[in-house]
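Visitor: Here's a sequence, model it:
(one chain, ligands or ions: 2)
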Amino acid sequence: MKILAIESSCDETAAAVVEDGRKTLSNVVRTQIPLHAVYGGVVPEIASRAHTEAITAVCEKALSDADLTMEDLDAVAVTNRPGLVGALLVGVSFAKSLAYRYHLPLYDVNHLRGHIAAAYLQDPALKPPFHALILSGGHTFLARVNDYTDFTLLGTTRDDAAGEAFDKVARVLSIPYPGGRELQELADAFHGDEFYALPSPALKDNPFDFSFSGLKTAVVNLAHNLAQKGEKLEREKLAASFAHVVQEGLVDRVGNVHAEEAIETLVFAGGVAANSGLRRALGDFCEQNGIRFLPVDVSLCGDNAAMIGAQAYFEAQKGAPAPLSLNAIPRAEVDE
Ligand code: KG4
Ligand code: ZN
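Guide: Numbers count the residues shown, from 1 in each chain. Ligands and ions are numbered 1, 2, ... in the order given. A predicted model of the protein is given here:
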């Protein structure tokens, strides 16, 4: 089954052709990051407009890269939740018109399930059940994947997503948006043995949930306090201190889930999963505990449509196509 998948939930306009949920025939991502970088974050109205301008060419390229035409396809799929509603609507409307024009079934895909499904492209032998830790600019959660379309949300963030904290700390250090990678490079360059004291993103009153807003605020306050005292902010030390508490916090949460329900395989995905320090820390923990660690390839961590096409195949095996009244839904968890 060949599916043309479309993704426009945030700041990447993406289209891909995926066969049977596990084989990428093409994967086109046009990022809008340069448009948003001047504002230090994604501006929803600019995102919608840029999706509208890009979507036709991105879909045409996905077809031509796969050496296919619309007549060769079996279905169209689109991310319809969660995300920026105006951005989602561009993809949803475009996908609906293609499905109508070419008499193809249309499948709606939850973006968060898509991030997990990137793992099926990475390892075509992977089958549920397994566990997944997803960290992105908008979402942060730990889930058990019971089956391809059956998820149990185990832990989630009470406030900000991990990516928001990375972007905010990068901003404090005057690193341009999105600053995750450069922040890690700074952290890796730190060779001291004493960190700034920062709060953990692992909540104390719950074993599985996260909180990143306190950490974010603590970094901002630390920078202000040092400036007021006329003391120098050590950039590498701050980046390393932040990386340290985030790594420890994530390992703590995964450890608590492992103690509760013996994780066999841990999939690690979402934009922030491209972070080399986090990959190292979680990889070490998994190795020490006999867990198979499956970090999704960096090329599939950030938003893309191949992951949407992968999940769409499994949604198609289980459920009916979406009606042409399909709408965009700004908020949804992985199990919704
Ligand atoms: O999954 P994604 O592409 O979009 C959403 O669905 O939100 O994630 C984007 C987020 C941004 O916050 C970006 O700064 C972060 O992923 N990110 C990173 C790295 N690369 C991207 N964070 C930490 N380290 C990285 N190497
Ligand atoms: Zn995403």
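
Visitor: list the contacts for the residue lying closest to residue 178 once chain neighbours are set aside?
Guide: Leaving aside its chain neighbours, residue 178 sits nearest to residue 167 (5.4 Å; criterion: Cβ to Cβ, 6 or more residues apart in numbering). To be clear about C-beta, it is placed using only N, CA and C from the backbone, and glycine gets the same treatment. When contacts are counted by Cβ atoms under 8 Å, 6 or more residues apart in numbering, residue 167 touches 40, 41, 137, 177, 178, 179, 180.

Visitor: any idea of the pLDDT on the second one?
Guide: Per-residue confidence for residue 41 comes out at a pLDDT of 89.

Visitor: Check what pLDDT the closest residue to it other than its chain neighbours gets.
Guide: Leaving aside its sequence neighbours, residue 41 sits nearest to residue 177 (Cβ to Cβ, 6+ apart; 6.1 Å). Per-residue confidence at residue 177 stands at 88 (pLDDT).

Visitor: Wait, residue 177 touches residue 37, no?
Guide: Yes - between residue 177 and residue 37 there is a contact under Cβ atoms under 8 Å: 4.9 Å.

Visitor: more crowded one of these two?
Guide: residue 177 (17 against 14; other Cβ atoms under 10 Å).

Visitor: Go ahead and report the secondary structure state at the more buried one.
Guide: Put simply, residue 177 is coil when judged by DSSP: H, G, I helix; E, B strand; the rest coil.

Visitor: what about the strands in the stretch 151-300 of the chain?
Guide: 265-269, 292-295 (DSSP state E, counting those that start in this stretch).

Visitor: could you redo these as JSON lines and give each row mean pLDDT and mean neighbour count?
Guide: Formatted as JSON lines, the strands of the stretch 151-300 of the chain follow (pLDDT from 0 to 100; neighbours: other Cβ atoms under 10 Å):
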{"stretch": "strand 265-269", "mean pLDDT": "98", "mean neighbour count": "24"}
{"stretch": "strand 292-295", "mean pLDDT": "98", "mean neighbour count": "18"}
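
Visitor: Which of the ones you listed sits closest to ligand 1?
Guide: Nearest of these to ligand 1, taken as Cβ to the nearest ligand atom: strand 265-269 at 8.3 Å.
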